[in-house]
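# Sequence and predicted structure below; questions after.
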Amino acid sequence: MEGLINIFVRSVFIDNMVFAYFLGMCSYLAVSKTVSTANGLGIAVVFVLGITVPVNYLIENYFLSAGAMAWIGSGFETVDLSFLSFIMFIAVIASMVQLVEMTVEKFAPALYSSLGIFLPLIAVNCAILGGSLFMQEREYANIAEAASFGLGSGAGFYLAIVGIAAIREKIRYSNVPGPLRGLGITFIVTGLMGIAFMSFMGISL
């Protein structure tokens with residue numbers, strides 16, 4: 001249990017998708033104008049990462065990696081389908097995003113309209129695919145660790161996008177120099193938040 005908590009905390013603060021790797025910046029910048037839309041997209045990303053990372057872990061370890069299909073029979077011990085990893089990962093992600101899109105459209109049409117094109121674009125969000133690729137690279141021991149990493153990565157993205165959205169709402173009432181208004185000051189604040197999150201790298205887990 002302690003190991004799962006460590007993975008979760010590390011993926012939220014130390015290996016934050018936005019501030020450590022700068023993944024998913026397109027939706028992070030575009031949908032963070034208000035806290036309400038940022039909150040909706042953040043929850044959607046948590047759900048998609050929380051589902052796709054463990055599902056892709058199972059696909060990777062039981063079907064794609066070299067010798068993964070030995071459980072089927074002796075004739076499958078040498079089968080290596082690792083070259084299909086990208087395609088399978090993206091297929092799982094696209095399926096989950098489609099499910100989220102239909103759910104949001106049905107139960108929260110106002111949020112669906114405010115998110116616009118960026119809700120279906122979660123399917124090609126590099127933070128989502130990055131979660132599965134990091135899971136593959138780090139070779140987690142079991143599905144619980146993969147799920148903890150996925151949920152932590154989603155929570156980290158949620159924290160980042162809601163945080164910058166709250167700051168952007170306050171900045172509207174600040175005396176920001178003309179050339180820096182809009183994305184200019186947002187990039188500067190994002191860099192400062194990234195530096196702040198670097199302080200978590202000193203935590204030993």
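The structure has been received and is ready for your questions.
# looking at this structure, which helix or strand is least sure?
When the helices and strands of the chain are scored by mean pLDDT, DSSP states H and E, helix 109-115 comes last with a mean of 82.
# Mind listing what's buried along the helix ranked longest in the chain?
Secondary structure of the chain per DSSP state H: the longest helix is helix 143-171. Buried residues in helix 143-171, defined by neighbour count with 16 or more other C-beta atoms under 10 Å: 145-165, 167-168, 171. Where C-beta positions appear, they are placed from N, C-alpha and C, glycine not excepted.
# again, but for stretch 1-16
Buried residues in stretch 1-16 (16+ other C-beta under 10 Å): 4, 6-16.
# now swap in stretch 106-122 and tell me
111-112, 114-115, 118-119, 122.
# for stretch 189-202, same thing?
Buried-residue list, stretch 189-202, by 16+ other C-beta under 10 Å: 190, 193, 197, 200.
# Residues contacting it from elsewhere in the structure, which ones?
13-14, 16, 18-20, 22, 28-29, 160, 163-164, 167-168, 171 (C-beta atoms under 8 Å, 6 or more residues apart in numbering).
# switch to 6 Å and redo it
13-14, 16, 19, 167 (C-beta atoms under 6 Å, 6 or more residues apart in numbering).
# can you name the two of those residues that are farthest apart?
Ile14 and Ile167 (21.5 Å; C-beta to C-beta).
# After the longest helix of the chain, which helix or strand is next?
Going down the chain from helix 143-171, the next helix or strand is helix 183-198, by DSSP states H and E.
# what angle separates that next one from helix 143-171?
140 degrees (axes from the mean of the first three to the mean of the last three C-alpha atoms, to 10 degrees).
# State the mean pLDDT of helix 183-198.
In this model, helix 183-198 has an average pLDDT of 90.
# Ok, stretch 142-149 next?
Here stretch 142-149 scores 95 as its mean pLDDT.
# where are the low-confidence patches of this protein?
Scanning the chain for pLDDT under 70 picks out the ranges 204-205.
# mind listing which of the contacts of stretch 189-202 are in strands?
Among the contacts of stretch 189-202, none falls in strands (DSSP state E).
# Filter those residues down to the ones in helices?
Ile167.
# Restrict stretch 39-58 to CA atoms and write it as PDB.
Provided in PDB are the C-alpha atoms of stretch 39-58 (Å, rounded to 0.1, in the frame of the first residue of the first chain):
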ATOM      1  CA  ASN A  39     -12.500  21.700 -13.700                       C
ATOM      2  CA  GLY A  40     -14.600  19.800 -16.300                       C
ATOM      3  CA  LEU A  41     -11.700  19.000 -18.500                       C
ATOM      4  CA  GLY A  42      -9.500  18.100 -15.500                       C
ATOM      5  CA  ILE A  43     -12.000  15.500 -14.300                       C
ATOM      6  CA  ALA A  44     -12.300  14.100 -17.800                       C
ATOM      7  CA  VAL A  45      -8.500  13.700 -18.000                       C
ATOM      8  CA  VAL A  46      -8.400  12.000 -14.600                       C
ATOM      9  CA  PHE A  47     -11.100   9.500 -15.700                       C
ATOM     10  CA  VAL A  48      -9.400   8.800 -19.100                       C
ATOM     11  CA  LEU A  49      -5.900   8.300 -17.600                       C
ATOM     12  CA  GLY A  50      -7.300   6.300 -14.700                       C
ATOM     13  CA  ILE A  51      -8.900   3.900 -17.100                       C
ATOM     14  CA  THR A  52      -6.600   3.800 -20.100                       C
ATOM     15  CA  VAL A  53      -3.300   3.300 -18.200                       C
ATOM     16  CA  PRO A  54      -4.300   0.100 -16.400                       C
ATOM     17  CA  VAL A  55      -6.100  -1.200 -19.500                       C
ATOM     18  CA  ASN A  56      -3.100  -0.600 -21.600                       C
ATOM     19  CA  TYR A  57      -1.000  -2.300 -18.900                       C
ATOM     20  CA  LEU A  58      -3.000  -5.400 -19.300                       C
END
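# Right, I'll call it a day here.
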